[in-house]
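Asker: Turn this into a model:
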Amino acid sequence: MAHLSTHVLDTAAGRPAQGVQVRLYGGSRALQVTTSTDGDGRALLAENLAPGVYDMIFAIGAYYGTGTNGFLNEVVVRFTVGSESKYHVPLLISPYSYTTYRGS
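Answerer: Residues are numbered from 1 along each chain as shown. Prediction:
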C-alpha cells in the first residue's frame, strides 16, 4: 500500500497554489478522494493506495477564476502505482501551461 501526495505551485505568481481542488479516481474510474490544496499548495490524497492506474484531476480553471472560458480547465495526470511505498506528484501551473513529474 502506498502513500500519495501532491504539491501545486503557481509559477506565474511565484507562490503555492492554495485551494486547488484535486480529485483522485481509481482503476475503474471510481472517485476515491476529493480534497483541496492547503496554504502551502500541498494535499495528501491517500495513505493506503493499492497498486493500479489512477487519475488525479486538478481544477485549474476554478483556481484561476476562468472556469471553462480559460485555456486550461482541468489538468489530468494518469499514473501507475506499483510496489513503492511513497508517491508524490508535484504540479507546476500557469494559466496556459503545466508541468508534472514524479517527486520524492
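Asker: in this protein, which spans are strands?
Answerer: 2-10, 15-16, 21-25, 31-36, 42-49, 52-58, 75-81, 86-94, 97-100 (DSSP state E).
Asker: Compile those strands into TSV and extend it with columns for mean pLDDT.
Answerer: As requested, those are arranged in TSV below (pLDDT from 0 to 100):
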stretch	mean pLDDT
strand 2-10	97
strand 15-16	98
strand 21-25	98
strand 31-36	97
strand 42-49	96
strand 52-58	97
strand 75-81	96
strand 86-94	97
strand 97-100	97
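Asker: Output the ones you listed as JSON lines; include the columns mean neighbour count and distance to Gly65.
Answerer: All C-beta spots, glycine's among them, are computed from the backbone N, C-alpha and C. Converted to JSON lines, these look like this (neighbours: other CB atoms under 10 Å; distance: least, CB to CB, whole Å):
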{"stretch": "strand 2-10", "mean neighbour count": "20", "distance to Gly65": "12"}
{"stretch": "strand 15-16", "mean neighbour count": "14", "distance to Gly65": "16"}
{"stretch": "strand 21-25", "mean neighbour count": "18", "distance to Gly65": "13"}
{"stretch": "strand 31-36", "mean neighbour count": "14", "distance to Gly65": "15"}
{"stretch": "strand 42-49", "mean neighbour count": "16", "distance to Gly65": "20"}
{"stretch": "strand 52-58", "mean neighbour count": "19", "distance to Gly65": "15"}
{"stretch": "strand 75-81", "mean neighbour count": "14", "distance to Gly65": "16"}
{"stretch": "strand 86-94", "mean neighbour count": "18", "distance to Gly65": "13"}
{"stretch": "strand 97-100", "mean neighbour count": "14", "distance to Gly65": "17"}
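Asker: Redo the ones you listed as CSV? Include distance to Gly67.
Answerer: Shown next, in CSV, are the strands of the chain (distance: least, CB to CB, whole Å):
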stretch, distance to Gly67
strand 2-10, 17
strand 15-16, 21
strand 21-25, 13
strand 31-36, 17
strand 42-49, 21
strand 52-58, 14
strand 75-81, 14
strand 86-94, 15
strand 97-100, 17
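Asker: Before I go, just wanted to say thanks for your time.
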